[in-house]
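1. A predicted structure for the sequence below; I have some questions about it.
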Amino acid sequence: MGSWEIFQKNWLWFEDLGFGLDFSKIANSNELSEKTIRSALDAMGALERGAIANGTEGRRVGHYWLRAPELAPEEDIRQEIVGTRERIKSFAAAVRSGAIAAPDGPFTELLCIGIGGSALGSQLLHGALPPDRLRLHFLDNTDPDGFMRVFQKIGKKLSRTMLVVTSKSGSTPEPRNGLAAFEELLRSVGLSLAGRAVAVTCVNSPLERRAKEESWLARFPMWDWIGGRTSVCSAVGLLPAALCGTDIDAFLAGAAAMDRRTRIRENNPALMLATAWYGATCGHGRSDMVVLPYCDALRGLSPYLQQLVMESIGKRCNREGEVVHQGLTVYGNRGSTDQHSYVQQLRDGLENFFVTFVEVLRRQEQSDTPARRIAGEYLEGFFLGTREALAAEGRPSVTVTLRQVDAYSIGLLVALFERAVGFYGEFVDVNAYDQPGVEAGKRAADRSLELLEAIKKLLGEEGKKPNGKDAEMVAAALDRKNETEMTFKWLEFLRAQARG
């Protein structure tokens, strides 16, 4: 069979969605049984009806309800979803019209503080759908240098800056530290959080109580049936997007349309994508997924998918408790930039990957001048050429095609990958909705910080300056000899701080 015939057999275009998939450049040598596929579809259906899909934590998984509230298993959840969406739209409209404003005029800056799923979805939307009025900034780490870079960008617009803090409790270290740094900055010029801050948090959490007590502008809910990495269709993603002028109804409509298209057996894009992943990785992560969108607007897609896929699939045990060390590694950047970096290895190096290309047929800005039109043609040409160059060496790829990048198509993409991850989790029998490794990392960090406080207390009592050479002595004095290496690292850190 020739390449054209193979392409025709493996290419799907959904005209109503403005979306297509091409599997002609990837072989499926590890086919799944019809029973396994049907079981995955049944599991997805049960999840949408409210079954306990996250068995580890005993929780339902409800992110699909956010774009189709009628699917929610209880009326109170349906009303909460709809009510929250309407409140977001009303609040955003009031801010954008100037009805809600800073004391000295309309808000011009929006600072979002959050980590992981509380930031990556918003960053994807922000990159794809740039704000039309408010300038959007993120504090998504606990790096003081990063804080200062953002604060410097805000500059003289500090008094016109609205803050959105996203955290289930408010105690997560990264957003807590970012909030403290921003509040410190405000106080230095005689400003406060009252009248400029918004909380996205769980009902009755410490953060929500604080927001209420201090007269923050608004509070929007997070729910325990929504995981961080699938929260972009909740207030976590919708509020910043609406404030920046994104058509959140179109975004949710796109996600809902993909959800509907992926509930059936035939020509199910997410099911086919998950099946391709299974074939490419032998069902055990033996190949990495390289994400290459040929579109600057989608530069946030790779980091978004890193969390969505790797946090969902990367598990030590399956659902029976057997050690399987499952996973699917994701990395990427954008084309054609990567043709001048790691595409060299993709073509000629290790055969341990498959590529997910994302092609965009129509630019957001019309190519109405010769130079811009030619630039767009070259970008498409680089995509087609790279795809062919890899295929010529037997390097597999899948291509996702969007008619254009807009709120609707970003909703399509989000839902496509969310559901592909859900199906793949079923194929390899892991809980795709918990994250025990992340929690273990948080506990280890807590222990490390406890050691730091003990070291600082000891040094203060003895009047000593920190020095890594004293690690054994300090660890012994603290009765923590098994943490001598970490003691050394903290002493050297403290010594560097003192020198600064």
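-> Yes, it's here.

2. got the contact list for the top strand by length along the chain?
-> Of all the elements of type strand in the chain, the one with the most residues (DSSP state E) is strand 353-362. Judged by C-beta atoms under 8 Å, 6 or more residues apart in numbering, the contacts made with strand 353-362 from elsewhere in the structure are 26, 276, 280-281, 287-295, 297-298, 301, 332, 335, 346, 380, 383, 386-387, 390, 395-405, 413. Where you see a C-beta, it was placed from the backbone N, CA and C, and this is true even at glycine.

3. and Phe382, helix, strand or coil?
-> helix (DSSP: H, G, I helix; E, B strand; the rest coil).

4. The spatially closest residue to it that is not a sequence neighbour: neighbour count?
-> With C-beta to C-beta, 6 or more residues apart in numbering as the criterion, Phe382 has its nearest non-adjacent residue at 3.9 Å, and that residue is Ser336. Close neighbours of Ser336, defined as other C-beta atoms under 10 Å, add up to 17.

5. From Gly190, how far out is Ser336?
-> Shown here: Ser336 relative to Gly190, a distance of 49 Å by C-beta to C-beta, to the nearest Å.

6. distance between the longest strand of the chain and the chain's centre?
-> 19 Å (C-alpha atoms, centre = their mean, to the nearest Å).

7. List the neighbouring strands of that strand plus their orientation.
-> Each strand pairing with strand 353-362, determined using DSSP bridges, is listed with its direction: strand 288-293 (parallel), strand 397-404 (parallel).

8. okay, those, which one's buried deepest?
-> Among the strands paired with strand 353-362, the stretch with the highest mean neighbour count (mean count of other C-beta atoms under 10 Å) is strand 288-293, at a mean of 24.

9. which residues sit against it?
-> Under C-beta under 8 Å, 6+ apart, the answer for strand 288-293 is 277, 280, 299, 301-302, 305, 309, 328-335, 338, 342, 346, 352-358, 360, 386.

10. so what secondary structure elements neighbour the helix or strand hosting Glu208?
-> Secondary structure assignment for Glu208, by DSSP states H and E: helix 206-213. If contacts are counted by 3 or more C-beta pairs under 8 Å, 6 or more residues apart in numbering; DSSP states H and E, helix 206-213 sits against strand 197-202, strand 218-222.

11. Could you identify which of those strands is most buried?
-> Mean neighbour counts were taken over the helices and strands packed on helix 206-213 using mean count of other C-beta under 10 Å, and the top value, a mean of 26, falls to strand 197-202.

12. out of the helices and strands packed on helix 206-213, nearest to Asp16?
-> Of all the helices and strands packed on helix 206-213, it is strand 218-222 that lies closest to Asp16, at 32.2 Å by C-beta to C-beta.

13. strand partners of that closest one, parallel vs antiparallel please.
-> Under the rule (DSSP bridges), strand 218-222 has strand 197-202 (parallel) as partners.

14. follow-up on the earlier one: go through the strands paired with strand 353-362 and name the closest to Thr484.
-> Closest to Thr484 of those, according to C-beta to C-beta: strand 288-293, at 36.1 Å.

15. The very next helix or strand once past that closest one - what's its average pLDDT?
-> Using DSSP H and E, the next helix or strand after strand 288-293 towards the C-terminus is helix 301-305. Averaging pLDDT along helix 301-305 yields 98.

16. What are the contacting residues of the next helix or strand after helix 301-305?
-> Later in the chain than helix 301-305, the nearest helix or strand by DSSP H and E is helix 311-313. Contact with helix 311-313 is made by 229, 285, 326-328, 421, 424-425, 428, 430, 432-433, 435, 438, as judged by C-beta under 8 Å, 6+ apart.

17. Show the buried residues in the residues you listed.
-> 229, 285, 326-328, 421, 424-425, 428, 430, 432-433, 435 (16 or more other C-beta atoms under 10 Å).

18. Can you tell me which of the residues you listed end up in strands?
-> Counting by DSSP E, the part of those found in strands is Gln326.

19. circling back: what average pLDDT does the longest strand of the chain get?
-> The average of the pLDDT scores along strand 353-362 is 97.

20. got it, and stretch 417-432?
-> Computed over stretch 417-432, the mean pLDDT rounds to 98.

21. Stretch 369-376 too?
-> Computed over stretch 369-376, the mean pLDDT rounds to 90.

22. distance of the residue nearest to Glu74 when sequence neighbours are not counted from Val421?
-> Using C-beta to C-beta, 6+ apart and skipping the chain neighbours, the partner closest in space to Glu74 is Gly50 (7.8 Å). Gly50 is 19 Å from Val421, where distance means C-beta to C-beta.

23. do Val165 as well
-> Here the distance between Val165 and Val421 works out to 27 Å (C-beta to C-beta).

24. the domain parsing of this structure - what is it?
-> By the assignment in automatic domain parsing, the chain contains the domains 3-50+262-434, 63-246, 437-499.

25. would you turn these into TSV with distance to Ala253?
-> Below are the domains of the chain laid out as TSV (distance: least, C-beta to C-beta, whole Å):
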stretch	distance to Ala253
domain 3-50+262-434	6
domain 63-246	8
domain 437-499	32
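
26. I figured the residue nearest to Phe382 hits Phe383, correct?
-> Yes: taking C-beta atoms under 8 Å as the definition, Ser336 is a contact partner of Phe383 at 7.4 Å.

27. returning to that earlier point: let's have the strands paired with strand 353-362 in CSV, adding distance to Val203 and mean pLDDT.
-> What follows is these, written out as CSV (distance: least, C-beta to C-beta, whole Å; pLDDT from 0 to 100):
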stretch, distance to Val203, mean pLDDT
strand 288-293, 36, 97
strand 397-404, 37, 98
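
28. Having no further points to raise, I will conclude here.
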